[in-house]
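1. predicted model follows, preceded by the sequence.
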Amino acid sequence: MALSGDTVAILGLGLIGGSLARALRQSGFSRHFIGYGHREPSLRRGVELGVIDEFTLDLDEVLARADIVVLCAPTLVAADMLADILRRCDGRESPPVLTDVASVKGNLLAAAKDALQGEMPPNLVLGHPIAGSERSGVDASSAGLFVNHRVILTPVAGNDPEAVALVRAMWASTGADVVDMAVEEHDAVLAATSHLPHVLAYALVDALASADASEDIFRFAAGGFRDFTRIASSDPVMWRDIAIANKNALLTVMDSFTEHLSDLRGAVEQEDAQRILETFSRAKRARDEFAAMLAERGQSSP
């Protein structure tokens with residue numbers, strides 16, 4: 001019998017989980033939505049908003065009733081929850097299809113295998129939507145959050161092809177562009193394109209806030225500073241967890257950036273105008289190409 005996506009359980013009802021539920025309801029891919037979590041006010045709010053139809057604080061009930069379970073907890077918490085879920089599902093004849101939205105895949109894959117003594121659960125399809133907002137919580141959720149955005153799936157040997165196909169169809173129904181990537185490649189790419197920029201933004205704002213002239217620095221900061229540091233308004237607990245979960249890949253790109261910044265510092269110190277210009281020009285070309293890629297996908301340039 002073909003796998004169904006009729007009933008979807010959202011574990012951790014925030015921006016991403018709420019937006020996914022809204023998008024799946026709007027597209028008609030799924031008809032019934034169950035919320036689960038430890039913050040009952042957020043779950044009640046989800047019902048009030050019509051994002052979910054009901055909620056429960058009983059995880060076993062979720063696993064018994066849902067066709068698809070989407071784990072939307074913070075990265076480190078998600079690994080522990082996934083291991084617990086897999087142990088609860090072990091031996092069940094028809095467990096739900098499991099997927100997630102975490103920004104790091106390697107730690108979840110390791111947690112899954114540890115929970116089942118090295119085996120890869122066939123019903124687990126790890127995924128990551130490349131979409132978000134500085135706003136958080138179910139009140140910020142939107143059915144259009146994933147339209148024209150990438151969703152990366154990281155299927156591995158041992159996955160049930162039908163489970164992979166169901167998760168792929170689920171995300172495609174939200175208007176997302178679904179692509180496949182190896183777990184290691186995903187974590188390396190995200191470390192460079194998402195995790196490092198957040199680390200840099202936090203570090204810059206923290207350094208300037210600690211400066212003697214911090215009041216004047218922020219008073220006279222212009223649009224460039226606002227745009228570059230915008231992501232430092234993101235949830236610091238979430239990004240702390242991401243930095244730890246993706247430690248090795250993040251350290252690699254941090255070391256590479258530190259070396260590059262040191263070279264540029266040397267060029268400034270030596271007043272090497274040509275080397276500075278070459279660095280800035282290469283960066284501009286790369287940024288312009290990136291903006292053109294976004295435009296082709298129907299996204300505005302950030």
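-> Arrived safely.
2. what's the neighbour count on L49?
-> Neighbour count for L49, taken as other C-beta atoms under 10 Å: 15. For glycine as for every other residue, the C-beta is placed from the backbone atoms N, C-alpha and C.
3. do the same with the one 3 residues further on
-> A total of 27 residues lie near I52 under the criterion other C-beta under 10 Å.
4. which SS state does it fall under?
-> coil (DSSP: H, G, I helix; E, B strand; the rest coil).
5. where does it fall, phi/psi-wise?
-> When read as degrees, to the nearest 10, the backbone of I52 gives phi -120, psi 160.
6. can you map out the strands along this structure?
-> Along the chain, the segments classed as strands by DSSP state E run 7-11, 32-36, 54-56, 68-71, 97-100, 124-125, 127-129, 150-153, 177-180.
7. just list the residues touching V69, thanks.
-> By C-beta atoms under 8 Å, 6 or more residues apart in numbering, the contact list for V69 reads V8, A9, L11, V62, L63, I85, P96, V97, L98, T99.
8. which secondary element of this structure has the worst mean pLDDT?
-> helix 214-219 (a mean of 76; mean pLDDT, DSSP states H and E).
9. what sits up against that one?
-> Counting by C-beta under 8 Å, 6+ apart, L208, A209, A211 sit against helix 214-219.
10. so where's the stretch 151-300 of the chain uncertain?
-> Screening the stretch 151-300 of the chain residue by residue with the criterion pLDDT under 70, one finds the ranges 213, 297-300.
11. what segments of the stretch 151-300 of the chain are helices?
-> Assigned by DSSP state H, counting those that start in this stretch, the helices in the stretch 151-300 of the chain fall at 161-172, 183-190, 196-209, 214-219, 223-229, 236-245, 247-269, 273-296.
12. select, out of those helices, the one closest to I16.
-> The closest of these to I16 is helix 236-245. By C-beta to C-beta, the value is 10.8 Å.
13. one step back: who wins for neighbours among the contacts of helix 214-219?
-> L208 (15 neighbours).
14. what's the nearest residue to that one if we skip its chain neighbours?
-> In space, not counting the residues next to it along the chain, L208 is nearest to I217; the distance is 5.2 Å by C-beta to C-beta, 6 or more residues apart in numbering.
15. just G12 next, same as before
-> What sits nearest to G12 in space, not counting adjacent residues and going by C-beta to C-beta, 6+ apart, is C72, at 3.7 Å.
16. now do A191
-> A249 (3.8 Å).
17. kindly report the same for A9.
-> Closest residue to A9 apart from its sequence neighbours, by C-beta to C-beta, 6+ apart: A66 at 3.7 Å.
18. go ahead and confirm the one you found touches T7.
-> Yes - between A66 and T7 a contact is recorded at 5.2 Å, counting by C-beta atoms under 8 Å.
19. on that earlier part again, tell me the spacing between the residue nearest to A191 and V156.
-> To V156, A249 is 17 Å away according to C-beta to C-beta, to the nearest Å.
20. D177 now?
-> Using C-beta to C-beta, D177 is found at 21 Å from V156.
21. list the residues that contact the residue positioned nearest the centre of the chain.
-> For the chain, S103 is the residue whose C-alpha lies nearest the centre (C-alpha atoms, centre = their mean; 3.7 Å). Taking C-beta under 8 Å, 6+ apart, we find S103 in contact with T75, H128, L190, S194, H195, I242, A245, N246.
22. pLDDT score assigned to the residue lying closest to the fourth one once chain neighbours are set aside?
-> If I follow you right, that is S194. In space, S194 comes closest to S103 once its chain neighbours are excluded; the distance is 6.7 Å by C-beta to C-beta, 6+ apart. You'll see S103 listed with a pLDDT of 94.
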